[in-house]
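Undergrad: pasted the sequence and its predicted model underneath.
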Amino acid sequence: MNYLSRFPPLVPRLCSNFLPFFAALSILLVGAGIDLTIGSNALIQSWESRLEDHALIALPPSQQAGSVTPQSPEAQSSDLLQILHANKQITDIKFVSREEITQILSNWGSSWPGPLPIVVRVNYEGERQTLEQNIVTKEPKAIVVFPPAPSQFLHPLTVPLRLANKTITFFLILTGEFVFFLGVILSLHSGWIKHYNSLKILSHLGCSHQNLFRSLMRQFGWRCLLGGYVGVLVLIPFINGITSMLRPILQLPLENTTLYNLFFHNPFSFFWSFVIILSPLLNCLVGWGLTYCSLKLTSHKFL
């Protein structure tokens with residue numbers, strides 16, 4: 001019984017020249033799965049931050065109720081504007097139009113009697129309690145209205161989104177590893193068939209076949225390494241393109257248009273090191289190890 005008799009005649013074979021393709025496809029699938037996890041977390045954080053970065057500030061119109069000549073909102077709220085401009089937490093100030101105020105108040109019930117309040121929309125950074133305290137302390141008549149907590153709106157969406165993300169990521173990584181192992185095993189089968197006669201002749205002559213084994217191990221290891229780096233080179237523009245395409249649909253900020261800005265803040269992060277260095281090297285070691293184990297298990301057939 002020889003090595004080839006272990007394989008049925010219909011077992012598929014794969015030319016070892018195609019091994020880099022399988023290694024690259026494996027890196028692409030695994031990297032896409034990891035990127036999906038990081039990207040979805042960044043997307044949820046972006047949604048939460050956008051729900052917490054603004055507030056409405058209202059001034060009651062009672063002081064202008066008897067005025068004959070109506071004043072502009074800027075003139076009526078000059079003191080409030082000075083307070084807002086002096087606040088370092090506030091990044092943007094915008095007056096809400098009378099049409100929008102009327103629409104908001106009409107949603108609460110019947111038409112609003114009397115003059116409309118002055119409403120200012122501000123974008124801010126930092127704690128909402130600090131912002132409210134600074135404004136109310138300097139302008140007691142101001143009413144600061146914050147949006148509800150993001151969890152009330154996002155929780156029904158984020159729970160199934162995170163579950164689906166974990167499931168898809170698991171299957172992508174599992175498929176990537178399966179593709180790689182399948183490529184290595186089928187390439188090994190093809191390699192044994194190709195070099196079987198040479199190994200048999202060396203055994204009959206009493207010569208060592210360790211040099212041929214080392215050559216096969218180096219060949220499989222280098223091809224796995226090459227395929228891994230090809231997969232990384234394909235992965236980076238692929239994720240960049242997907243991110244740029246989804247940005248207007250998901251309403252991501254402009255700074256999140258690239259893979260680096262969306263997923264990473266540190267160019268030397270562990271994930272970059274994992275994708276660029278560790279994954280191709282891991283493919284190389286796994287390919288070398290599978291070849292080594294296969295040679296050890298079957299070399300006694302030629303002794």
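TA: Done, it's in.
Undergrad: checking residue 88 next. Helix, strand or coil?
TA: Under DSSP: H, G, I helix; E, B strand; the rest coil, the three-state class of residue 88 is coil.
Undergrad: look up how far residue 130 lies from it.
TA: In this view, residue 88 and residue 130 are 11 Å apart by CB to CB, to the nearest Å. Placement of C-beta: from N, CA and C, glycine included.
Undergrad: can you give me the helices for the protein?
TA: Assigned by DSSP state H, the chain shows helices spanning 19-52, 73-76, 78-86, 98-106, 128-138, 150-204, 210-250, 259-263, 270-273, 279-298.
Undergrad: in JSON lines: those, plus distance to residue 121 and mean neighbour count.
TA: Converted to JSON lines, the helices of the chain look like this (distance: least, CB to CB, whole Å; neighbours: other CB atoms under 10 Å):
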{"stretch": "helix 19-52", "distance to residue 121": "13", "mean neighbour count": "20"}
{"stretch": "helix 73-76", "distance to residue 121": "12", "mean neighbour count": "16"}
{"stretch": "helix 78-86", "distance to residue 121": "11", "mean neighbour count": "15"}
{"stretch": "helix 98-106", "distance to residue 121": "9", "mean neighbour count": "13"}
{"stretch": "helix 128-138", "distance to residue 121": "13", "mean neighbour count": "15"}
{"stretch": "helix 150-204", "distance to residue 121": "18", "mean neighbour count": "16"}
{"stretch": "helix 210-250", "distance to residue 121": "23", "mean neighbour count": "17"}
{"stretch": "helix 259-263", "distance to residue 121": "26", "mean neighbour count": "19"}
{"stretch": "helix 270-273", "distance to residue 121": "37", "mean neighbour count": "13"}
{"stretch": "helix 279-298", "distance to residue 121": "46", "mean neighbour count": "18"}
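Undergrad: would you single out the least confident of these?
TA: Comparing mean pLDDT across those, the weakest is helix 259-263, with a mean of 48.
Undergrad: which non-adjacent residue is nearest residue 224?
TA: residue 287 (3.4 Å; CB to CB, 6 or more residues apart in numbering).
Undergrad: who's in contact with the one you found?
TA: Residue 287 makes contact with 19, 23, 184, 220-221, 223-225, according to CB atoms under 8 Å, 6 or more residues apart in numbering.
Undergrad: thinking again about what came up before, which one of the helices of the chain lies closest to residue 92?
TA: helix 78-86 (10.0 Å; CB to CB).
Undergrad: which secondary structure elements does that closest one sit against?
TA: Here helix 78-86 touches strand 54-59, strand 90-95, strand 118-124, helix 128-138, going by 3 or more CB pairs under 8 Å, 6 or more residues apart in numbering; DSSP states H and E.
Undergrad: distance to residue 293 added to those, as TSV?
TA: Formatted as TSV, the helices and strands packed on helix 78-86 follow (distance: least, CB to CB, whole Å):
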stretch	distance to residue 293
strand 54-59	60
strand 90-95	60
strand 118-124	60
helix 128-138	60
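Undergrad: so for residue 155, which of those sits nearest?
TA: helix 128-138 (19.2 Å).
Undergrad: now the closest one against strand 54-59, angle please.
TA: 20 degrees (axes from the mean of the first three to the mean of the last three CA atoms, to 10 degrees).
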